[in-house]
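> I'll drop the sequence and a predicted model, then ask my questions.
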Amino acid sequence: MTSNAAPAQETLGYEQARDELIDVVRRLEAGGTSLEESLALWERGEELAKVCRRWLEGARARLDAALAEEAAEDEDEDEDEDGEE
């Protein structure tokens, strides 16, 4: 699979990994590849899926942290308003 010289996993953005994964799946579904090529594609697909999963998990963690921070700020504001009455 030298024609698809893949960047290191750490440098792949989510969209880049997703797009390459889509291409890998299409190639596997189309068939016509040797067993060795199919295995190489499958392995690359697994790597790309891990990259995508890490990006999504990171995004989820950032979203959860932002929501928790917002909830804490709202709670602090509510306590401040209750204390002023």
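Cool, got the structure.
> Distance check, Leu39 against Ala59.
Between Leu39 and Ala59 the distance is 31 Å, computed by Cβ to Cβ, to the nearest Å. Quick note: C-beta positions are derived from backbone N, CA and C, even for glycine.
> now Gly31
Remark: distance between Gly31 and Ala59 (Cβ to Cβ) = 34 Å.
> how many neighbours does Cys52 have?
For Cys52, the count of nearby residues is 18 (other Cβ atoms under 10 Å).
> Give me the nearest residue to it, chain neighbours excluded.
Ala17 (5.1 Å; Cβ to Cβ, 6 or more residues apart in numbering).
> Which strands or helices does the strand or helix carrying that neighbour pack on?
Using DSSP states H and E, Ala17 sits within helix 14-30. On a contact count with 3 or more Cβ pairs under 8 Å, 6 or more residues apart in numbering; DSSP states H and E, helix 14-30 meets helix 35-84.
> Taking helix 14-30 as reference, get the angle to the helix it packs on.
Relative orientation of helix 35-84 and helix 14-30, computed by axes from the mean of the first three to the mean of the last three Cα atoms, to 10 degrees: 140 degrees.
> Next up, the contacts around the closest residue to Ala49 other than its chain neighbours.
Nearest residue to Ala49, sequence neighbours excluded (Cβ to Cβ, 6+ apart): Leu21, at 6.2 Å. Listed by Cβ atoms under 8 Å, 6 or more residues apart in numbering, the contact set of Leu21 reads Gly45, Leu48, Ala49, Cys52.
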